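>>> Need coordinates for the below:
(3 chains)
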Amino acid sequence: MPFVNWFRRNLVVIAGLLTLGYLLLPNVVVTVFSFNKPKGRFNYQWQQFSTEAWKDPCGVAGMCGSLSLSLQIAFWATLGATVLGTMIAFALVRYRFRARGAVNSLIFLPMAMPEVVMAASLLTLFLNLGAQLGFWTVLIAHIMFCLSFVVTAVKARVMSMDPRLEQAAQDLYAGPAQTFLRVTLPIAAPGIAAGALLAFALSFDDFIITNFNAGSTVTFPMFVWGSAQRGTPVQINVIGTAMFLVAVLFVLTSMVISNRRNRQKA
Amino acid sequence: MATLTEAPPPLAPTAAEKKPPRKRGRWTPYWLLLPGLLWLLVFFALPMIYQASTSVQTGSLEEGYKVTWHFATYWDALSEYWPQFLRSVLYAASATVLCLVLGYPLAYLIAFRAGRWRNLIMILVIAPFFTSFLIRTLAWKTILADSGPVVGVLNTLHVLDVTSWLGWTAGDRVLATPLAVVCGLTYNFLPFMVLPLYTSLERIDGRLHEAAGDLYARPITTFRKVTFPLSMPGVVSGTLLTFIPAAGDYVNAELLGSTDTRMIGNVIQTQFLRVLDYPTAAALSFILMAAILFMVTFYIRRSGTEDLV
Amino acid sequence: MKTTDNGSGDVRLSGISKTYGSFTAVHPLDLTVPQGSFFALLGASGCGKTTTLRMIAGLEEPSAGTVHLGDQDVTALPPYKRPVNTVFQSYALFPHLDIFENVAFGLRRRGIKSVKKQVEDMLELVQLGEQARKKPHQLSGGQQQRVAVARALINHPKVLLLDEPLGALDLKLRRQMQLELKRIQTEVGITFVHVTHDQEEAMTMADTVAVMNAGRVEQLGSPADLYENPQTTFVANFLGTSNLIEAEVDTKSGDDIVLKAGGGKLVLPEARCSAPTTAGGKVLVGVRPEKISLVHADAAGEIPENRNRITGRIAHSSFIGVSTQYVIDSQVCPEFEVYAQNIERDARLVPGADVVLHWSPAHTFGLDAAQDIDAGIQEEAAV
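From the prediction side, this is the model:
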């Protein structure tokens, strides 16, 4: 009976942890198989332990080039989307103007649209304009779909900000520019950072829109897609594992830093 | 990280949005809005118009296309590809329900039971975002492999006999069946369900649970009458964030499915990038968009989240 | 204190305690709340009063000890099986349900089908009949508070627990609700256990007050008893203001103790001293500021014989309408507080004037000198 009771009380915890397991299982597989030495072209079956791929991560033709291209696109897309999105967010929260509803819908719609629809219509535009598909068309597309997410993130932060803080700054002799630089921007910074981080992740990992609009340019997700047809090198798993570790480490350090800062304040 | 948890889209304008404070500088908001909105207009709205126009054109690649108001393309596309449409809705709906069933306990665990593990679990939910989802989807090929342990166990327990009979799997295989595709979709969009659910659960005042218990509600009744109704905003945005991308997805169907599991996304992709039949592809894409907008609007009306606090 | 014939509805806590790791929130505690009484647990935040309340409600599991409601041991019962209801701090009204459904919640959970009449009657009792179909956020703070009370009371609990029920209201509304709650309690006759940090609130409403400090009950009694006869420095300072003087026991004469303080002598009735008194031992002598009379040094001759007296000089005075509050510098105590009613104001009583303070020995109380003389002072500022 005690066991049954314990089980009933912790049922939701057990179910939640099982879901977490389901969520992490592929990452475990990716990591384990980065130490595989497959026979043949595909890395789907365990053969034997090997660190060859880790010693030579760029040993596959074109992969590291595509990785660097993806990083460049993600960087510029993040920059563009963050700047444009932050401006929109401030306008939405801090000012009154005509056609708010229309503006809000225009920002909401890209998030409520299946990617394939946006991808296909954008391609139609580029074809009609006779644009050369490649780096620039991909970048334009990425800024477009990251924009709405940045707006949402920054808006949430600016909305929770006390407008009296800005009034206090002006009361203390700060002009509009000073107020913005010394008060508004530092307080909105966490929201902007979160929006930028999200934009980077979305851009770096985007496949569907890129697939339509990249022409013959190969980003990292497109390289993986291609290799799923031609043969999957172990190095893909190495990159996947490294990305996961870098992400976890990044989040952990930022958490430790903010914890320490909070403790110092207290 | 905050954004991901704040991801639920602004379905209904909040009170604060309705009445923004007045401020000096009449033209400032327009200058702030201009570049971003122009970007969205040119690269999001304008393409939709081009696509609508393409869908009623006729012609060929060699001779070029002309607008001829050929609406028959829509009819032809629907009558040829309705099974893929139906499949998309079916798979996406199954994946959404599965995400809700699997995601709710996890969101609940993080919000109320995780204690000092909360941040760690949160990181583990978000971190997979940073590994290319294509690589993770390929990992399911390994997990569900014909000779792998998962299929082995399911076979021994005769689960596959049942799922085969239902038409979800075929024979001794899981890969290249509807089950594999739905499983992949569920996996891919699970975080989009968990995060909004967590956000709305976390907002619930813990004392409401105590108050319900104090007023003779057993834990299960407390959940049914208090916790779940209060988490409805999260349920609504979670299901939308799962269903919409899942319905348009073609990666899972391509990597984990077979020709019998093709979804509408696969058709659009093939028509656009391989067959190069632009009018049909544009028509299909337009139908998908219209269908989703219609379903979403209906769903938001029905669930009546505006009523919730 | 009221007593009931058989005690069938008393709340009895026996040896109840709560520890979190190495921190002890509530030290082993024995407490009996008689049926039908209005009982207050008073103390500063973190003193363990809310934890004690939550252990009665079943929201917190005691580390040791038992909770009895009448003859029933409810220690192991989950909250939803206890005949006890709580008015939560900031109310915890269900935001997705309207007022009617909030009030009907407990009845419905117990499978009662026809709730309409009962709910309407209850809303009438708290004067909210018109608001039944509104959502909680559409009501004012005072109205929400009454809904919370109605939602709990409708279940006819054996005990109603109130956790800082008036904390979120402004001062004027709080006064009004104090009287309102007292009226409801008299009307329904249910035992109320009320947790508060506001000494005035506790004294206005409760029949019996238990003053808690650092996980222990310092003193328990009627408001008047606690105020007139504090037994610890904490109670003396936390409830109202006390002037405490360090003194040395000199002699005993009859029922009185004679003490030496500064250069003078003070008399203290032995019955009003909670500390052991041996000749030469130290005692803290206390007196409330409003018990003291103040005369100018030139008029010292008019003071009757058998009064305790102290000389000093006025340091500050502040006029606050009904009274004037003086702070007196004297040899025995650096900041002696005196409240004088504004009946006939002596124009000579201004800062710098030499004065004599005098009061009846019957208003003097004695405390153990081994205590912190300032215990409970900061907390009092919360009011």
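
>>> Just the buried residues of the one helix or strand residue B:95 maps to, please?
Residue B:95 is part of helix B:72-108, with elements assigned from DSSP states H and E. The neighbour-count check on helix B:72-108 (16 or more other Cβ atoms under 10 Å in any protein chain shown) flags B:73-74, B:77, B:81, B:84-85, B:87-89, B:91-96, B:98-100, B:102-108 as buried. For every residue, glycine as well, the C-beta is placed using N, CA and C.

>>> ok, is the strand or helix carrying residue A:261 in contact with chain B or not?
Residue A:261 belongs to helix A:234-265 when elements are defined using DSSP H and E. Yes. With Cβ under 8 Å from any Cβ of the partner chain as the criterion, chain B is reached by helix A:234-265 at A:236-237, A:239-241, A:243-244, A:246-248, A:251-252, A:255.

>>> Is it possible to mark the buried ones in those residues?
Buried members of these, counted by 16+ other Cβ under 10 Å: A:236, A:237, A:239, A:240, A:241, A:243, A:244, A:247, A:248, A:251.

>>> Taking these, tell me the two that lie furthest apart.
Greatest spatial distance among these (Cβ to Cβ): A:236 and A:251, at 23.0 Å.

>>> Can you pull up the residues of the stretch 201-309 of chain B that come close to chain C?
Proximity of the stretch 201-309 of chain B to chain C, by Cβ under 8 Å from any Cβ, involves residues B:205, B:207-208, B:210-218, B:221, B:225-226, B:229-230, B:308-309.

>>> at 10 Å what do you get?
Residues of the stretch 201-309 of chain B lying near chain C by Cβ under 10 Å from any Cβ of the partner chain: B:204-219, B:221-222, B:225-226, B:228-230, B:232, B:307-309.

>>> what helices or strands is whichever strand or helix holds residue B:243 leaning on?
Using DSSP H and E, residue B:243 sits in helix B:232-248. Judged by 3 or more Cβ pairs under 10 Å, 6 or more residues apart in numbering or on different chains; DSSP states H and E, helix B:232-248 is in contact with helix A:115-129, helix B:72-108, helix B:178-202, helix B:264-270, helix B:278-303.

>>> Would you format those helices as TSV with mean pLDDT included?
Formatted as TSV, these follow (pLDDT from 0 to 100):
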stretch	mean pLDDT
helix A:115-129	93
helix B:72-108	95
helix B:178-202	94
helix B:264-270	94
helix B:278-303	89
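
>>> Any idea which of those gets closest to residue C:311?
Smallest distance to residue C:311 across the helices and strands packed on helix B:232-248 (Cβ to Cβ): 64.1 Å, for helix B:178-202.

>>> quick check, the following helix or strand past that closest one touching chain A?
Using DSSP H and E, the helix or strand that follows helix B:178-202 towards the C-terminus is helix B:206-214. No. Interface with chain A: helix B:206-214 contributes nothing (Cβ under 10 Å from any Cβ), its closest point being 12.8 Å away.

>>> Buried residues of helix B:206-214, list them for me.
Buried-residue list, helix B:206-214, by 16+ other Cβ under 10 Å: B:207, B:208, B:209, B:210, B:211, B:212, B:213, B:214.

>>> how about the nearest residue to the residue most central in space within chain A, chain neighbours excluded?
Residue closest to the mean C-alpha point of chain A, counted by Cα atoms, centre = their mean, is residue A:201 at 1.6 Å. Leaving aside its chain neighbours, residue A:201 sits nearest to residue B:129 (5.4 Å; criterion: Cβ to Cβ, 6 or more residues apart in numbering or on different chains).

>>> next one: residue B:272
Nearest residue to residue B:272, sequence neighbours excluded (Cβ to Cβ, 6+ apart): residue B:281, at 4.2 Å.

>>> what sits against the one you found?
Applying Cβ atoms under 10 Å, 6 or more residues apart in numbering or on different chains to residue B:281 gives the contacts A:116, A:120, A:123-124, B:51, B:54-55, B:73, B:77, B:267-273, B:275.

>>> Write the PyMOL selection for whichever of these are buried.
Applying 16+ other Cβ under 10 Å to these, the buried members can be selected in PyMOL as follows:
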select buried, (chain A and resi 116+120+123+124) or (chain B and resi 51+54+55+73+77+267+268+269+270+271+272)
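
>>> And residue A:159, how far from residue A:89?
Distance of residue A:159 to residue A:89, given as Cβ to Cβ, to the nearest Å: 9 Å.

>>> cool, and residue A:192?
For residue A:192, the distance to residue A:89 (Cβ to Cβ) stands at 9 Å.

>>> Overlap of the contact sets of these two?
Counting by Cβ under 10 Å, 6+ apart, the residues touching both residue A:192 and residue A:89 are A:150, A:153, A:154, A:157, A:158.

>>> how many other residues sit next to the closest residue to chain B within the stretch 101-250 of chain A?
Closest residue of the stretch 101-250 of chain A to chain B, Cβ to the nearest Cβ: residue A:114 (2.4 Å). By other Cβ atoms under 10 Å in any protein chain shown, the residues close to residue A:114 number 27.

>>> Nearest residue to it in space, please, no chain neighbours.
Distances taken as Cβ to Cβ, 6+ apart place residue B:248 nearest to residue A:114, at 2.4 Å, with adjacent residues excluded.

>>> do residue B:119 as well
residue A:255 (6.3 Å).

>>> How about the contacts made by the residue lying closest to residue A:243 once chain neighbours are set aside?
Leaving aside its chain neighbours, residue A:243 sits nearest to residue B:131 (5.0 Å; criterion: Cβ to Cβ, 6+ apart). Contact analysis of residue B:131 by Cβ under 10 Å, 6+ apart lists A:26-27, A:30-31, A:205, A:237, A:239-247, B:139.

>>> and with 6 Å instead?
The contact partners of residue B:131, taken as Cβ atoms under 6 Å, 6 or more residues apart in numbering or on different chains, are A:240, A:243, A:244.

>>> With residue C:126 instead?
By Cβ under 6 Å, 6+ apart, the residues touching residue C:126 are C:146, C:150.

>>> Quick check: the gap between it and residue C:41.
For residue C:126, the distance to residue C:41 (Cβ to Cβ) stands at 24 Å.

>>> Remind me what the helix holding residue B:95 packs against, helices and strands.
In terms of contacts (3 or more Cβ pairs under 6 Å, 6 or more residues apart in numbering or on different chains; DSSP states H and E), helix B:72-108 is packed against helix A:11-33, helix B:178-202, helix B:232-248, helix B:264-270, helix B:278-303.

>>> With residue C:271 as the reference, name the closest of these.
From the helices and strands packed on helix B:72-108, taking Cβ to Cβ, the stretch that ends up closest is helix B:178-202, at 58.1 Å.

>>> what helices or strands is the closest one leaning on?
When contacts are defined as 3+ Cβ pairs under 6 Å, 6+ apart, helix B:178-202 sits against helix B:2-5, helix B:72-108, helix B:133-143, helix B:232-248, helix B:251-256.

>>> Residue B:289 is nearest to which of these?
Of all these, helix B:232-248 sits nearest to residue B:289, with 9.0 Å by Cβ to Cβ.

>>> How about residue B:128, nearest residue that isn't a chain neighbour?
Distances taken as Cβ to Cβ, 6+ apart place residue A:27 nearest to residue B:128, at 5.7 Å, with adjacent residues excluded.

>>> Count residues in the vicinity of the closest residue to chain A within the stretch 101-250 of chain B, would you?
Of all residues in the stretch 101-250 of chain B, residue B:248 sits closest to chain A, at 2.4 Å by Cβ to the nearest Cβ. Neighbour count of residue B:248, defined by other Cβ under 10 Å: 26.

>>> Identify the residues contacting it.
Counted by Cβ under 6 Å, 6+ apart, residue B:248 has contacts A:114, A:115, A:116, B:265.

>>> Chain B contacts on the stretch 151-266 of chain A?
Within the stretch 151-266 of chain A, the positions near chain B by Cβ under 6 Å from any Cβ of the partner chain are A:153, A:156, A:159, A:163, A:194-195, A:198, A:201, A:205, A:221, A:224-225, A:228, A:236, A:240, A:243-244, A:247-248, A:251.

>>> Many thanks, we can stop here.
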